[in-house]
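Undergrad: The amino acid sequence is not available; the structure is as follows:
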């Protein structure tokens, strides 16, 4: 098991920066502007009884063109950029353009209900290299990313105001990714988003009516379906779900009851998770012999009262928009207006295609990634160095 050191620094505008791995030295220059998010707030949609986040600052986010394999000097996530001016192995920083804040501004008084945008938005840097993916990271780098997700999730859950924590990745221009540097994000929500609330209610109804765990039922069904399986894994099912919204949707779901959140995983389960993530992304990329765009969401058990929802199995869910090499599924009117997705493919056929690619492209000598644990360097938070003008 590898040990990864973590150091905490602070940007001039107060945003936290966590640096993981070797201490390469360096300080944060006093170049950032103080964070100003006066328009940030939530609005209540009365017809659907849900909250919508209003965050105009997101329109000012930077964007870089797809890389041709060389470092992109304009990339704000590369070494020398505004977020990480010094060399690093991996890092997490609070988003400069957040939709949620731990101390949000007072919401405006409008004609309907508003609320503060409580939560946190963090950016997870997988590596300092400008190119790569979960499929191409070294075993040590991939193990470190899994450990970072667990470390940050544990910290975010320690705030009792937080109802849900979502680690996710948007990869590719087809899904709206604005930066090509290998990275993901973590959002911590001060309220329970509607789709997570639906899952909580479904698990509770199943427990009342059937007397057992809905998550275990889904895992057992996935494990028993050879037609929907993609790859084999000792700790996780890796399969196209029974009723997917997207043509090549794949879920990586924890088999063990009690593995509800990332910090719940054993060291061996962390290794198997890293292996499953590598397998899925590699399979996507070899499916059409080019990197496939996708949305990836890590679904951890939300807070239910004082603790996590009991009948919840940790999952990583992938949603690629492709339905063919040159065809992208677009969410159409019926789907957007009603919530009824119309899948253009047969799930078992999609699974068969992915399974064949996975078997053909998995290296014979593919070793299991190690597990990594985070060692937090105890000491004062290092504030930004103030550069004289």
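TA: All right, it came through fine. In this text, all values refer to a predicted model and were calculated from it rather than measured experimentally. Residues are numbered from 1 along each chain as shown.

Undergrad: How about residues contacting stretch 136-152?
TA: Stretch 136-152 is contacted from outside by 2, 4, 6, 18, 20-21, 89-90, 92, 122, 124, 126-127, 134, 167, 182, 186, 262-263, 265, 270-271, 273-274, 277-278, 298, 367-374, using C-beta atoms under 8 Å, 6 or more residues apart in numbering. In short, each C-beta sits where N, CA and C put it, glycine included.

Undergrad: 6 Å instead?
TA: If you take C-beta atoms under 6 Å, 6 or more residues apart in numbering as the criterion, stretch 136-152 is touched by 4, 20, 90, 92, 126-127, 167, 186, 262-263, 270, 273-274, 369-370, 372, 374.

Undergrad: and those, which of them are in strands?
TA: When the contacts of stretch 136-152 are checked against strands (DSSP state E), the matches are 4, 20, 90, 92, 167, 186, 372, 374.

Undergrad: I'd like these as a markdown table, with pLDDT, distance to residue 10 and neighbour count appended.
TA: As requested, the ones in strands among the contacts of stretch 136-152 are arranged in a markdown table below (pLDDT from 0 to 100; distance: C-beta to C-beta, whole Å; neighbours: other C-beta atoms under 10 Å):
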| residue | pLDDT | distance to residue 10 | neighbour count |
| --- | --- | --- | --- |
| 4 | 95 | 20 | 20 |
| 20 | 96 | 16 | 24 |
| 90 | 96 | 18 | 23 |
| 92 | 97 | 13 | 24 |
| 167 | 98 | 23 | 24 |
| 186 | 98 | 18 | 22 |
| 372 | 94 | 25 | 27 |
| 374 | 95 | 19 | 17 |
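
Undergrad: ok, those residues vs residue 338, which is closest?
TA: Top of the list for closeness to residue 338, among these and by C-beta to C-beta, is residue 167 at 29.0 Å.

Undergrad: Please name the bridge partners of the closest one.
TA: In this entry, residue 167 is beta-bridged to residue 186, residue 298, by DSSP bridges.

Undergrad: Would you check how far apart residue 314 and residue 254 are?
TA: 4 Å (C-beta to C-beta, to the nearest Å).

Undergrad: Ok, residue 5 next?
TA: Distance, residue 5 to residue 254, using C-beta to C-beta: 28 Å.

Undergrad: Comparing the two, which shows the higher neighbour count?
TA: Comparing residue 5 with residue 254 by other C-beta atoms under 10 Å, the one with more neighbours is residue 254, at 25 against 14.

Undergrad: low-confidence ranges in the stretch 151-300 of the chain?
TA: Within the stretch 151-300 of the chain, not a single segment meets pLDDT under 70.

Undergrad: Mind doing that once more with 80?
TA: Residue ranges of the stretch 151-300 of the chain with pLDDT under 80: 176.

Undergrad: got it, and the stretch 1-150 of the chain?
TA: The model of the stretch 1-150 of the chain has pLDDT under 80 over residues 1, 25-27, 29-38, 57-74.

Undergrad: Between the ones in strands among the contacts of stretch 136-152, which sits nearest residue 243?
TA: Residue 243 has its nearest neighbour among the ones in strands among the contacts of stretch 136-152 in residue 167, at 23.9 Å by C-beta to C-beta.

Undergrad: That closest one: what's it in contact with?
TA: With C-beta under 6 Å, 6+ apart, residue 167 has these contacts: 149, 186, 298.

Undergrad: one more time with 8 Å, if that's ok
TA: Neighbour list for residue 167: 124, 149, 152-153, 184-186, 262, 297-298, 300 [criterion: C-beta under 8 Å, 6+ apart].

Undergrad: and the gap between it and residue 88?
TA: Look at residue 167 and residue 88: by C-beta to C-beta, they are 19 Å apart.

Undergrad: same check, this time on residue 157
TA: Distance of residue 157 to residue 88, given as C-beta to C-beta: 25 Å.

Undergrad: mind listing the helices in the stretch 251-389 of the chain by residue range?
TA: In the stretch 251-389 of the chain, the segments counted as helices under DSSP state H, counting those that start in this stretch are 267-287, 333-338, 347-361.

Undergrad: and the residue positioned nearest the centre of the chain, what does it touch?
TA: Closest residue to the average C-alpha location of the chain: residue 168 at 1.5 Å, with C-alpha atoms, centre = their mean. Contacts for residue 168 (C-beta under 8 Å, 6+ apart) come out as 184-187, 295-298.

Undergrad: Mind picking the two most distant members of the residues you listed?
TA: Spanning the widest gap among the contacts of residue 168 are 186 and 295, at 14.6 Å by C-beta to C-beta.

Undergrad: can you count the residues close to the spatially closest residue to residue 316 that is not a sequence neighbour?
TA: Excluding the flanking residues, the one nearest residue 316 by C-beta to C-beta, 6 or more residues apart in numbering is residue 252, at 4.2 Å. Other residues near residue 252 number 26, with proximity taken as other C-beta under 10 Å.

Undergrad: Not counting sequence-adjacent ones, nearest residue to residue 48?
TA: With sequence-adjacent residues excluded and distances taken as C-beta to C-beta, 6+ apart, residue 48 is closest to residue 194, at 7.6 Å.

Undergrad: just checking, the one you found touches residue 45?
TA: No - using C-beta atoms under 8 Å, residue 194 makes no contact with residue 45, being 9.6 Å away.

Undergrad: one step back: tell me, what's touching residue 314 and residue 254 both at once?
TA: Common contacts of residue 314 and residue 254 (C-beta under 8 Å, 6+ apart): residue 265.

Undergrad: that older thread, which among the contacts of residue 167 gets closest to residue 320?
TA: For those, the minimum distance to residue 320 (C-beta to C-beta) is 12.6 Å, reached by residue 297.

Undergrad: Does the closest one touch residue 317 like I think?
TA: Yes - look at residue 297 against residue 317 with C-beta under 8 Å: they come within range, at 5.0 Å.

Undergrad: State the helix or strand in which residue 103 lies.
TA: Using DSSP states H and E, residue 103 is not contained in any helix or strand.

Undergrad: gap between the residue nearest to residue 48 and residue 260?
TA: Distance, residue 194 to residue 260, using C-beta to C-beta: 20 Å.
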